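# turn this into a model:
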Amino acid sequence: MTAYLIEASLALAVFYLFYFLALREDSFHLRNRLYLLLSSVFALGLPFLQVPVPGGKVQDLAPLNLTGLVVAVEQWPAPAFLSSEVLRVLGWLYLVGVLFLLGRLLWRLGSLAHYIRSFKKRPSQAIAWC
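Residues are numbered from 1 along each chain as shown. Next comes the predicted model:
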């Protein structure tokens, strides 16, 4: 899954770089839209293609046995600066930040709703309603 995400991201980056360098100033918007849509679809499908390597067959790699590594990592002591008290404080700081940004979002949405409601609705003479 990680290899797929990396390959798709690289393909998207290459396609976008071409778009940025060659098609950004193009005034034919339909062509730009088609290129962006088709390049994103192609970039998502590109990792599924099997490309033959010229000059021989690629040997399969033996699977890695990581059980010893996992056990070794679990036996390492935790860093001293990551005590439970520090993690608790970091969690509270994160929660305060989330609540602050949520409150700011709600405040701005409320002010936007108030701004929209403050305009008086009046029929326009230039628009003919059917």
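# avg pLDDT for the longest helix anywhere in the chain?
In the chain, assigned by DSSP state H, the helix with the most residues is helix 84-117. Averaged over helix 84-117, pLDDT sits at 93.
# who are the packing partners of it?
With contacts taken as 3 or more Cβ pairs under 8 Å, 6 or more residues apart in numbering; DSSP states H and E, helix 84-117 sits against no other helix or strand. In this view, the C-beta of every residue, glycine as well, is placed from N, C-alpha and C.
# now the chain, which segments are flagged as low pLDDT?
Within the chain, the segments meeting pLDDT under 70 span 51-82, 123-130.
# what about the helices in this structure?
If DSSP H is used as the criterion, the helices of the chain fall at 2-18, 29-45, 67-75, 84-117.
# could you tell me the angle between the first one and helix 29-45?
What that stands for is helix 2-18. Helix 2-18 and helix 29-45 are oriented at 160 degrees to each other (axes from the mean of the first three to the mean of the last three Cα atoms, to 10 degrees).
# so which bits of helix 2-18 are buried?
Neighbour counts over helix 2-18 (16 or more other Cβ atoms under 10 Å) mark 7, 8, 11, 12, 15 as buried.
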